[in-house]
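1. coordinates only, sequence not included:
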C-alpha cells in the first residue's frame, strides 16, 4: 500500500510553492494538510479562495468554528478536530465548550442549532431533518444562512476527507477524545 507523505518542496510546482509561502506568511507555519493538498496546486488555490470567503456573510468566526468542529467530529477527522479546536480556542471558546460543540450539547441555543444542523447535514448526506432546519431558523437564521452552512459543511468535509484519505501527521495539539455516553 502506498503511503502518502507531506510533500517536499521539490515535489511541488511553482504555483503550489508560491501559495504555501503565502500561507506561511499569514499563519507562521505551513499546516501539513495544506502542504498535502498542494500536490494539486489548482485544488489548493481553489480551496483557499473558497475557504477564505465561505460563510462569512452569515456566521461569526465562533459560529464558523462551531460548524467545522461538528462536521469534523462526524467525519472522525483527527487532523481537523485538532486544528479547529486550537482555532476555536483562539476565537474565545474554552476546551469544554469545544467538546460540547462536537457532541451537540452546547447550552447556547444559537450555537446548538448550528452544531446540530451541521452534524445532521454531514451524517445524512444533506438530508437534515425538518426539526434541525426549524431549530436553525428559530435561532434567527434565514435561507441565505442555510445555503452558507451547507457551503461550510462542504468546505470542512473536503479537508476531513483529505486527512482521512492521506493520514499525514497532525501538526496541531491533539484534540481530547469525547467521552461516549452510555446507551
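-> Here it is on my side, so go on. Since this is a predicted model, take the numbers as computed values, not measurements.

2. quick one, helices of the protein?
-> Per DSSP state H, the chain carries helices over the ranges 14-27, 32-37, 41-53, 61-74, 78-90, 95-103, 109-123, 130-138, 143-166.

3. between the ones you listed, which one is nearest to residue 172?
-> helix 78-90 (3.9 Å; Cβ to Cβ). All C-beta atoms are positioned from the backbone trio N, CA, C, and that covers glycine.

4. any buried residues in that closest one, and which?
-> Neighbour-count burial for helix 78-90, with 16 or more other Cβ atoms under 10 Å as criterion, is recorded at 78-85, 87-88.

5. show me the residues around the closest residue in space to residue 135 that isn't next to it in sequence that make contact.
-> Among residues not flanking residue 135 along the chain, residue 113 sits closest, at 4.5 Å (Cβ to Cβ, 6 or more residues apart in numbering). Taking Cβ atoms under 8 Å, 6 or more residues apart in numbering as the criterion, residue 113 is in contact with 132, 135-136, 138-139, 141.

6. can you pick the most crowded of the residues you listed?
-> For the contacts of residue 113, the largest number of neighbours (other Cβ atoms under 10 Å) sits with residue 136, at 23 neighbours.

7. per-residue pLDDT, that residue?
-> According to the predicted model, the pLDDT of residue 136 comes to 98.

8. might one say that it is in contact with residue 149?
-> Yes - with contacts counted by Cβ atoms under 8 Å, residue 136 reaches residue 149, the gap being 7.4 Å.

9. what touches both of the two?
-> 114, 117.

10. run a quick neighbour tally on residue 175.
-> In terms of burial, residue 175 registers 25 neighbours under the definition other Cβ under 10 Å.
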